[in-house]
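Novice: build me a model:
(one chain, ligands or ions: 1)
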Amino acid sequence: MAILVLGGAGYIGSHTVYELIAAGRDVVVADNLLTGFRAAVHPKARFYEADIRDRQAMDQIFEREEIEGVIHFAASSQVGESMSNPLKYYDNNLWGTTCLLQSMVAHGVDKIVFSSTAATYGEPERVPILETDPTHPTNCYGETKLAMETMMRWTQQAHGLRYVALRYFNACGAHPSGAIGEAHNPETHLIPLILQVPNGQRDHISIFGEDYPTKDGTCVRDYIHVTDLAQAHILAMDYLLQGGESNVFNLGNGVGFTVKEVIDVARKVTGHPIPAQVSPRRAGDPAQLVASSEKARTVLGWKPQYADLETIVSSAWDWHKAHPNGY
Ligand code: UFG
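Specialist: So this is what the prediction gives:
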């Protein structure tokens, strides 16, 4: 039996495929390659170039392959774009997941682990955030991810689907082998943008706002290594395969770093002065997002290996130095 990874050519998906293969699992990948890269797909995974909105393509995969569970990363994930083009997010994230679930129900595949996000919480009332805290997304991306969670819940009631929603905080870093890493076009994430400065691709990093109610006025985020996220998906799939009930888990390190602290760590790792300039706030950015991941640790037995930001940024730097233009 195989695990089907949708969006397995993307950043977190490709790292999860590498970890699944290292754990000896049989893996099928489907990706429409709109934002993913064929070169990011592990050579031992069977690859289908397919879009989850294409019901026929999904049906064909479930008919050809013996799928015991689905790990679903296939979604649009840029907060800013979701505000300027919300219907793209309803189409890809919600219509795509509708087609996928219809196909899964039709083929009796009843286990799914999927990417949710800290953006489901919006501006949190307290940190660290617990899974039971209120969810009031401040952007359309977070709204569609929350609606995906709700869609799974109703599908469970009607059709017995079991799901695990993993609410990631700030994914970062690259595979320790150096084979794969983070590549987005356009890039919007803090760590890769900072590393473009020592890589000679940008002359400074912009700090989006210095007037937040945090210790140095810049936003606080919880940075979690992509390989640790990948391990959580395997644990979540095994939990479902062993009969676990549907569940929602936060995935983060439980430690917050300000934007300025992240830049300082990057200066130390790269030995480059990395000039920074303060610019206006970016719309929709909450001041602080820090996870309580106690539930994932207790229920799934998840133990992140990369608690230290310096090690995380070093792994990202190794990848970006070797692949300045991505794949
Ligand atoms: N930032 C800058 N300058 C930049 C880029 C980012 O100051 O050039 C700041 C942002 O304002 C934010 C922090 O750095 O405060 C991190 O920004 P990212 O864009 O790297 O990440 P976000 O926290 O905005 O978003 C990430 C994921 C989203 C997810 C969100 C929720 O990219 O998919 O976390 O946790 F929704």
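
Novice: which ones are touching the residue of the stretch 151-300 of the chain at minimum distance from the ligand?
Specialist: The minimum distance from the stretch 151-300 of the chain to the ligand, using C-beta to the nearest ligand atom, falls at residue 219 (2.9 Å). Heads up, the C-betas are built off the backbone N, CA and C, glycines and all. If you count contacts by C-beta atoms under 8 Å, 6 or more residues apart in numbering, residue 219 has them with 208-209, 212, 258-259, 285-288.

Novice: how does it look with 6 Å?
Specialist: Each residue near residue 219 by C-beta atoms under 6 Å, 6 or more residues apart in numbering is listed here: 212, 259, 285, 287.

Novice: just to be sure, residue 108 is in a helix?
Specialist: No - residue state for residue 108 (DSSP: H, G, I helix; E, B strand; the rest coil) corresponds to coil; a helix is not indicated.

Novice: quick one: neighbours of it, just the number.
Specialist: As a burial measure, the neighbour count of residue 108 was computed by other C-beta atoms under 10 Å and equals 10.

Novice: now residue 184
Specialist: Applying the criterion other C-beta under 10 Å, we find 14 residues in the vicinity of residue 184.

Novice: what about it, which SS state?
Specialist: With three-state DSSP as the basis, residue 184 sits in coil.

Novice: distance of it from residue 52?
Specialist: Distance, residue 184 to residue 52, by C-beta to C-beta, to the nearest Å: 19 Å.

Novice: likewise residue 256?
Specialist: As judged by C-beta to C-beta, residue 256 and residue 52 stand 34 Å apart.

Novice: give me the more crowded residue out of those two.
Specialist: Summary of the neighbour comparison: residue 256 and residue 52, criterion other C-beta under 10 Å, with residue 52 having more neighbours (26 against 22).

Novice: can you tell me the closest non-neighbouring residue to the more buried one?
Specialist: Of all residues not flanking residue 52 in the chain, residue 96 sits nearest, at 4.2 Å (C-beta to C-beta, 6 or more residues apart in numbering).

Novice: which secondary structure elements does the helix or strand where the one you found lies contact?
Specialist: When secondary structure is defined using DSSP states H and E, the element that contains residue 96 is helix 96-106. Judged by 3 or more C-beta pairs under 6 Å, 6 or more residues apart in numbering; DSSP states H and E, helix 96-106 is in contact with helix 55-64, helix 140-159.
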